[in-house]
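>>> next come a sequence and a model predicted from it.
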Amino acid sequence: MMQKIGVIGGGAWGTALAATAATAGRDVVIWAREADVVGAINDRHVNDVFLPDIPLDPAIRATRDLPEASDADAILLVSPAQHLREVGKQVVEAAGPVTPLVICSKGIEQNTLMVMSEVLSDVAPRQPLAVLSGPTFASEVARNLPSAVTLAADDKGIGNALVEALGHSRFRPYQSHDVVGAQVGGAVKNVLAIAAGIVAGARLGSNAAAALITRGLAEMVRLGLALGGERETMMGLSGLGDLVLTCSSTQSRNMSLGKALGEGRDLGDILGERNSVAEGVFSASAVAALAEKHSIEMPICTAMDRVLNQGAMVSAEIDALLSRPFRTETL
């Protein structure tokens, strides 16, 4: 029985996962870097920095001591994707040798083009790994509104134990063995959500939004298959489900960033106003590089890389996408 859950990351998503684990009846310790976040959770039972106005279970404890949060039956890793390698090293030093590490971050490491399970396998080759991913807004999970996610693990027994530990009537994990596929969906949808935001901000219409989601799914499937994932996973909660959610609401940090870009705002100004990470900005270059490496056609994602990382004009990339040759509709 996995009774004690450590949550590594005190942002909105980490706080929401701590809240839903507490609802499932688990003992929860959440680690955060920020002293004010730790103090607010412990003293006032709220994370008013990253998830304001949502009361938390008083039983949730917060700490700035990483080993304290890592002393658990299962550890949920919710740090930003580009920091997971360093955080993972510290967690492994403190965790038990058979403690499952559950990847809850969505992204691809920029320098290595590794998905997060590959990153953790580098720093924790013997540790059991799992992935939790799906269509979830942190505020809704924290308020105990109904949600469903994919929980992927190579070891079915560990997957079953995690489902039992974290699942309840308002948070429903669906088990999978496709660890790679579950991560590809979460990484690519962040890039596509920025594109969807641009469609909204530039007022290109609902037809264009639907077309972007559909053709974006085709790009997600191509990359997932190339990296060893399964088509069925791309069509599930961690693929299509997450894509639809994040491309349909400005609750998504990535879509709201894209909307501001579509309205003509400067990327640097947008990022300077935020205290949270829009992972699609970092994942765009890695996704584009993987597409080139595997000779995969991903025109929407590569256009986003040009806008976000190479100084391309949004209007020019829109025109280029709409000027592509007509083709047969295939994934």
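That came through fine.

>>> tell me which residues of the worst-scoring helix or strand of the chain on mean pLDDT are tucked away?
Within the chain, no helix or strand scores below helix 267-272, which has a mean of 88 by mean pLDDT, DSSP states H and E. Counting neighbours by 16 or more other CB atoms under 10 Å, one finds that the buried residues in helix 267-272 are 267, 270. C-betas here are computed from N, CA, C, even on glycine.

>>> other SSEs contacting it?
Where contact means 3 or more CB pairs under 8 Å, 6 or more residues apart in numbering; DSSP states H and E, helix 267-272 is packed against helix 253-262.

>>> can I get the helix it packs on in CSV? Just the C-alpha atoms.
Below are the C-alpha coordinates for helix 253-262, written out as CSV (Å, rounded to 0.1, in the frame of the first residue of the first chain):
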residue,chain,number,x,y,z
ARG,A,253,-0.6,28.8,-20.0
ASN,A,254,0.6,27.8,-23.4
MET,A,255,-2.6,28.9,-25.2
SER,A,256,-2.8,32.2,-23.4
LEU,A,257,0.8,32.9,-24.4
GLY,A,258,0.0,32.1,-28.0
LYS,A,259,-3.1,34.3,-27.9
ALA,A,260,-1.0,37.2,-26.8
LEU,A,261,1.4,36.5,-29.7
GLY,A,262,-1.5,36.4,-32.1
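
>>> after the least confident helix or strand of the chain, next one along is what?
Using DSSP states H and E, the helix or strand that follows helix 267-272 in sequence is helix 279-293.

>>> now do the least confident helix or strand of the chain: everything it contacts.
Helix 267-272 is contacted from outside by 257, 260-261, 278, 281, 307-308, using CB atoms under 8 Å, 6 or more residues apart in numbering.

>>> so can I have CSV of these showing pLDDT and neighbour count?
Below are these laid out as CSV (pLDDT from 0 to 100; neighbours: other CB atoms under 10 Å):
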residue, pLDDT, neighbour count
257, 94, 26
260, 95, 21
261, 96, 22
278, 74, 22
281, 87, 22
307, 96, 22
308, 95, 23
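
>>> which of those residues lies closest to residue 30?
Of all these, residue 30 sits closest to residue 278, with 22.2 Å by CB to CB.

>>> all the helices of the stretch 151-300 of the chain, in order from the start?
Counting by DSSP state H, counting those that start in this stretch, the stretch 151-300 of the chain has helices at residues 156-166, 179-201, 206-226, 231-234, 242-246, 253-262, 267-272, 279-293, 299-309.

>>> mind listing residues that contact the fifth one?
Yep, that's helix 242-246 we're talking about. For helix 242-246, contacts defined as CB under 8 Å, 6+ apart pick out 133-137, 185-186, 188-190, 192-193, 196, 213, 216-217, 220, 252, 254-255.

>>> mind listing what's buried in it?
242-243, 245-246.

>>> farthest-apart pair in these, please.
The span of the buried residues of helix 242-246, defined through CB to CB, is set by 243 and 245 at 7.4 Å.

>>> what sits against the residue lying closest to residue 90 once chain neighbours are set aside?
Using CB to CB, 6 or more residues apart in numbering and skipping the chain neighbours, the partner closest in space to residue 90 is residue 66 (5.4 Å). Contacts for residue 66 (CB under 8 Å, 6+ apart) come out as 8, 31, 87, 90-91, 94.
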